[in-house]
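Q: Fold the following for me, if possible:
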Amino acid sequence: MITLPEKLSNMTPYDPSENIYRIKLDANESFFELPLELKDEISTGIMSVDFNRYPDPGVSAVRMLAGREYGVAAQNIMVGNGSDEILSLIMNTFVPRGGKVMVALPDFSMYQFYAEVAELTVVSALKDDEFELDYQELIDRANQEKPAVLIFSNPCNPGGKGYTHAEILKICNELEDTLVVVDEAYMDFWDQSILDVSCMFENVLVLKTLSKAYGCAAIRMGFAIGDKVLIDQLNKTRSPYNINALTQMAAICLLEDTAWAKEQTAQIIERKNELEEAMRELEEKYGVFRVQPTHTNFVVLRTEKCTELFEALKERSICVRCFAKYQMLRITTGDDMENSVLVEELEDILKEGV
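A: Numbering: from 1, shown residues only. Sure, this is the predicted structure:
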């Protein structure tokens, strides 16, 4: 019988909800389906795929279109099978065995997960009860620990807050000996991206995704953007055919004209702001939770009764995300109907005195 590595005994796998709910607001997905004309284009494109051939190893057409969308050269982009593959590659490419990775907690749990899989040492800088950490405190902590990689989401998942463009630049400038990875998965819902200067630094990678604002979580495509030297190193360690031909074809159709995505993003932001305001009204009326403002597509409620509210909503076939450790609920905005039902059901629960 084989002996399993000790690291596996301490690992908890990511556990997405697989149950079926009438309203699902737990995964920060877009409530928009792809426009029908885009689905038709993708269907037509699939007919041209040579299924007997390996896909383009360089993902060239996608990188060209993504470069146009993000305002960078194709050589400054590496395409991953979702941002998850990129996270794993970063840990295995840029950190020596046993080296340090720094995270700012709470943040996206998969940063720590992939670091631990790579048998790296994870150190953290802790945010306060408002999920805030002054950028200078983060710099000071990094200078103290001297990690090979500092990684954080901006704006943050699950806290919803973020650093400004100017603050991020100060972090990158003052930590020139650390690879600073800025995960901008939710930046389409805010206006503080550092994409405009991302390729000017030798120690910065910016991560982007098609899963959130573009509403294409199903195709699993993410991007790492940065200095060509960094991108070249990632390309050394990624699988040669990591993006299948069907995903490449779909992404090409999505990125050829992104006006539809911009329009949908504006509506997502509008629905989220409306949901946040509705939650503030319930906060004032019942005093059970506190609404914490966000720069994302989700609303954050802070409450000691997060578990009770989570279970009560589940009983009504509404799924949100509960972070009991942080006494919070994270609720992705739905469309008008979904948000309306959520607010009605939540108020009904509050009336019952949960």
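
Q: ok, and the closest non-adjacent residue to the most centrally placed residue in the chain?
A: Geometric centre of the chain, nearest residue: Ala185, 3.9 Å, by Cα atoms, centre = their mean. Using Cβ to Cβ, 6 or more residues apart in numbering and skipping residues adjacent in sequence, the residue nearest Ala185 is Thr209, 4.8 Å away. (Glycine included, C-beta is placed from N, CA and C.)

Q: Next, the contact list for the residue nearest to the centre of the chain, please.
A: Ser83, Ser153, Asn157, Leu207, Lys208, Thr209, Ser211, Lys212 (Cβ atoms under 8 Å, 6 or more residues apart in numbering).

Q: what are the phi and psi angles of the residue nearest to Ala185?
A: Dihedral angles phi and psi of Thr209 (degrees, to the nearest 10) take the values phi -150, psi 160.

Q: How about Asp140?
A: The phi/psi pair for Asp140 (degrees, to the nearest 10) is phi -60, psi -40.

Q: my guess is Glu167 contacts Tyr135, does it?
A: Yes: applying Cβ atoms under 8 Å, one finds Glu167 in contact with Tyr135, separated by 4.2 Å.

Q: Quickly list what's touching both of the two.
A: Counting by Cβ under 8 Å, 6+ apart, no residue touches both Glu167 and Tyr135.

Q: Ile77 - how many residues pack around it?
A: Other residues lying near Ile77 total 24 when counted by other Cβ atoms under 10 Å.

Q: quick revisit: what residues are up against the residue nearest to Ala185?
A: With Cβ under 8 Å, 6+ apart, Thr209 has these contacts: Gly82, Ser83, Ala185, Met221, Gly222, Phe223.

Q: Max pairwise distance over these: which two?
A: Using Cβ to Cβ, the two most remote members of the contacts of Thr209 are Ala185 and Met221, lying 12.0 Å apart.

Q: can you list residues touching both of those two?
A: Applying Cβ under 8 Å, 6+ apart, one finds that Ala185 and Met221 are jointly contacted by Thr209, Ser211.

Q: Which parts of the helix ranked longest in the chain count as buried, going by neighbours?
A: Longest helix in the chain by number of residues, with DSSP state H as the criterion: helix 259-286. Applying a neighbour-count criterion of 16 or more other Cβ atoms under 10 Å, one finds 260-261, 264-265, 268-269, 271-272, 275-276, 278-279, 282-283 buried in helix 259-286.

Q: do the same with stretch 84-97
A: For stretch 84-97, by 16+ other Cβ under 10 Å, it's Asp84, Glu85, Ile86, Leu87, Ser88, Leu89, Ile90, Met91, Asn92, Thr93, Phe94, Val95.

Q: Columns distance to Leu8 and secondary structure on top of those residues, output as JSON lines?
A: Listed next are these as JSON lines, based on distance: Cβ to Cβ, whole Å; DSSP: H, G, I helix; E, B strand; the rest coil:
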{"residue": "Asp84", "distance to Leu8": "18", "secondary structure": "helix"}
{"residue": "Glu85", "distance to Leu8": "20", "secondary structure": "helix"}
{"residue": "Ile86", "distance to Leu8": "23", "secondary structure": "helix"}
{"residue": "Leu87", "distance to Leu8": "19", "secondary structure": "helix"}
{"residue": "Ser88", "distance to Leu8": "16", "secondary structure": "helix"}
{"residue": "Leu89", "distance to Leu8": "21", "secondary structure": "helix"}
{"residue": "Ile90", "distance to Leu8": "21", "secondary structure": "helix"}
{"residue": "Met91", "distance to Leu8": "16", "secondary structure": "helix"}
{"residue": "Asn92", "distance to Leu8": "17", "secondary structure": "helix"}
{"residue": "Thr93", "distance to Leu8": "22", "secondary structure": "helix"}
{"residue": "Phe94", "distance to Leu8": "24", "secondary structure": "helix"}
{"residue": "Val95", "distance to Leu8": "20", "secondary structure": "coil"}
